[in-house]
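**Student:** Just a sequence and a predicted model for now, questions to come.
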Amino acid sequence: MIDYQIPGQRKLKLSLVEMIRNDRLPHALLLSGDPGFGGLSMAINIAAALHCDEGLGKACGKCKSCSKSFKLIHPDTHFAFPVVKKADKKRDETTSKDFLAPWRSIIQKKQYFDHQDWVSWIGADNKSLNINTKECNEIIQKLSLKAFEGRYKVQIIWLPEYLGKESNRLLKLIEEPPENTKIILVSAAIERLLVTITSRCQIFKLLPVEDQALNTYLIEKNVFDPETIEKVVKLADGNCGLALQFLESSAKDFSEDLLQWLRLSYQAGSHPQNIVDWIAAMVGQGKDVLELFLTSGLSFFREYHIWLHDQNYEMRIDSSQKGNAMKMQQIISYDKIEYITKELDSLVTLMSRNANMKLALLSSSIIVGDIMRKQ
Ligand SMILES: [Zn+2]
């Protein structure tokens, strides 16, 4: 069973409970926010709360219905999400139904994940991910039937931004769903949705989780020591998915790597082989590690930037990183950080587009080296 606790989002949870208990939940909801803030978990929880035998406005987590909900097998909760062509099927014949097994397993295993985690989970390619016509027709068809067990039918659509123009097919459904039907869209890129869709939904924004709530949540998971958790919470910046990812790679401290990268980039002109070797080793550790390196580099610089401006500022980094920040002071001035951050930012973007990261990192290293050598 998945963990039905969601850290943070206190206000949102309270108002949802209130709405469900009083039967005032809108028929079309749009949960918007970074996947690491827990939108999908929230949607699963709302569905569970609607089906729960106790009728408390939230999922009791103990009854038969909740058990099914959290095993993701409740017959009245339907999922639709972007997929790719299934091996033995045509693309336009393939729908979420064909990927239900990996869908259940990624939720059970990771709980927080984005489209990239999803494509690598199903061993697919980013480019072909979408929600197609057949899927839309199936959604309409399924929701026209009566609920099997409970009162409500719930349709969860994860990443509706992958509907593209197909979303027009769902307009009528979203505007006026059949009786006792709730449609929950979980979007990580609300700006990519058609206004015709967003205007028909009640929008609920998920927020970064407060440090305290994230800390308590991770401690309750009871797998990691408080020190590691504290370190991770500072790095994660309210993103629960990121925090769990950091914990998975045992909260590796990347500030040493960051410093090394800057040093080698600085010397790239005179010792090009060293930076090439370093990049090969970094990229060789896999996508997850590289992503962690880049994102923790970004949060490190963000903190460092504020601190350079105001040295009374308490950086949200741990003591070993602080030591490295002091060292960095000798090589990077305030105005250079902006440029280096921009490079890290573009590397993150390139990575999400499946670029050749060895080449991308090499070109960024040369740029960063130039920036640092400039007086
Ligand atoms: Zn229950």
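**Tutor:** Arrived safely.

**Student:** Any part of stretch 32-51 near the ion?
**Tutor:** No: using Cβ under 5 Å from the ion, we find that stretch 32-51 stays clear of the ion, coming within 6.8 Å at best. The way it works is simple: take the backbone N, C-alpha and C, and place the C-beta from them, glycine included.

**Student:** distance between that stretch and the chain's centre?
**Tutor:** Centre-to-centre, stretch 32-51 and its host chain are 12 Å apart (Cα atoms, centre = their mean, to the nearest Å).

**Student:** Start the count at 23 instead of 1 going forward.
**Tutor:** That works, and once the first residue is 23, the last one we named lands at stretch 54-73.

**Student:** Domain ranges for this structure, per the record?
**Tutor:** 32-229, 232-273, 275-395 (automatic domain parsing).

**Student:** chain center to the longest one, what's the gap?
**Tutor:** When you say that, I think you mean domain 32-229. On Cα atoms, centre = their mean, the centre of domain 32-229 falls 15 Å from that of its chain.

**Student:** List the buried residues in stretch 36-47.
**Tutor:** Of all the residues in stretch 36-47, those buried under the rule 16 or more other Cβ atoms under 10 Å are Leu38, Val39, Met41, Ile42, Leu47.

**Student:** For the one helix or strand the third one maps to, enumerate the helices and strands it packs against.
**Tutor:** Meaning Met41. Using DSSP states H and E, Met41 sits within helix 32-43. On a contact count with 3 or more Cβ pairs under 8 Å, 6 or more residues apart in numbering; DSSP states H and E, helix 32-43 meets helix 61-73, strand 224-227.

**Student:** any idea of the mean pLDDT for the strand or helix carrying Ser385?
**Tutor:** Per DSSP H and E: Ser385 is located in helix 379-395. Here helix 379-395 scores 93 as its mean pLDDT.

**Student:** For it, list the C-alpha coordinates in PDB.
**Tutor:** Output of helix 379-395 as PDB, limited to C-alpha atoms (Å, rounded to 0.1, in the frame of the first residue of the first chain):
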ATOM      1  CA  MET A 379      25.300  15.500 -21.700                       C
ATOM      2  CA  LYS A 380      29.000  14.900 -22.200                       C
ATOM      3  CA  LEU A 381      29.000  17.500 -25.000                       C
ATOM      4  CA  ALA A 382      26.700  19.800 -23.100                       C
ATOM      5  CA  LEU A 383      28.800  19.700 -19.900                       C
ATOM      6  CA  LEU A 384      32.000  20.200 -21.900                       C
ATOM      7  CA  SER A 385      30.700  23.300 -23.600                       C
ATOM      8  CA  SER A 386      29.400  24.700 -20.300                       C
ATOM      9  CA  SER A 387      32.700  23.900 -18.600                       C
ATOM     10  CA  ILE A 388      34.500  26.000 -21.200                       C
ATOM     11  CA  ILE A 389      32.100  28.900 -20.800                       C
ATOM     12  CA  VAL A 390      32.400  28.600 -17.000                       C
ATOM     13  CA  GLY A 391      36.200  28.500 -17.200                       C
ATOM     14  CA  ASP A 392      36.100  31.700 -19.300                       C
ATOM     15  CA  ILE A 393      33.800  33.400 -16.800                       C
ATOM     16  CA  MET A 394      36.000  32.600 -13.900                       C
ATOM     17  CA  ARG A 395      39.200  33.700 -15.600                       C
END
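
**Student:** which helices and strands does that helix pack with?
**Tutor:** helix 277-288, helix 294-306, helix 356-374.

**Student:** deepest of those helices, which one?
**Tutor:** Compared across the helices and strands packed on helix 379-395, helix 277-288 shows the largest average neighbour count, a mean of 20 (mean count of other Cβ atoms under 10 Å).

**Student:** I'd like to check what contacts it. Which residues are they?
**Tutor:** The contact list for helix 277-288 (Cβ atoms under 8 Å, 6 or more residues apart in numbering) reads 293, 296-297, 300, 304, 315, 318-319, 322, 339, 342-343, 346-347, 349-350, 353-354, 362, 387-388, 390-391, 394-395.

**Student:** Give the buried subset of these as a PyMOL selection command.
**Tutor:** The buried subset of the contacts of helix 277-288, as determined by 16+ other Cβ under 10 Å, is captured in PyMOL by this line:
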select buried, resi 297+300+304+315+318+319+322+339+343+346+347+350+354+362+387+390+391+394
